[in-house]
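Peer 1: no sequence on this one, just coordinates:
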């Protein structure tokens, strides 16, 4: 049995400019500092992916581990915004759209993110004030 986490964990593509921007967006709006972060390319990312039976090359999706459950793609994104407070939490209403339709849009962005937003050669290095929110390892 997986133990319940005290903080939801967000795994993201650490070399993707769009993904890094998304993480910065979350951090700025997460006033209660509930989320913790790790790149999919990190040891922590690999450990979490293995724990939930996801392939280690799952860099096409954001991953949210919340209350011992794992969410990916649009479901992860919507569960994240619902915890960011108004007005962002209001986007959770999009959850009524079937996942297949939501994920079609998500997948279009994911497939083109490097072309549209660029890519770094190395994973993001958090600033000193953000470092406590990033998981080590």
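Peer 2: Sure thing, it's come through. Computed from a predicted structure; not experimentally measured.

Peer 1: C-alpha from now on. contacts and neighbour counts both.
Peer 2: Fine.

Peer 1: Would you mind finding the longest helix in the protein?
Peer 2: For the chain, the helix with the greatest residue count under DSSP state H is helix 99-117.

Peer 1: So what's the gap between it and the chain middle?
Peer 2: Distance, stretch centre to chain centre, for helix 99-117: 14 Å (C-alpha atoms, centre = their mean, to the nearest Å).

Peer 1: Could you list every helix and strand in contact with that helix?
Peer 2: Packing contacts for helix 99-117, counted by 3 or more C-alpha pairs under 8 Å, 6 or more residues apart in numbering; DSSP states H and E, involve helix 17-29, helix 73-81.

Peer 1: Would you mind giving the ones you listed as TSV with mean pLDDT, distance to residue 119 and mean neighbour count added?
Peer 2: Shown next, in TSV, are those (pLDDT from 0 to 100; distance: least, C-alpha to C-alpha, whole Å; neighbours: other C-alpha atoms under 10 Å):
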stretch	mean pLDDT	distance to residue 119	mean neighbour count
helix 17-29	93	5	17
helix 73-81	97	19	20
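
Peer 1: For these, give me a markdown table that also has distance to residue 46.
Peer 2: Below are the helices and strands packed on helix 99-117 laid out as a markdown table (distance: least, C-alpha to C-alpha, whole Å):
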| stretch | distance to residue 46 |
| --- | --- |
| helix 17-29 | 17 |
| helix 73-81 | 17 |
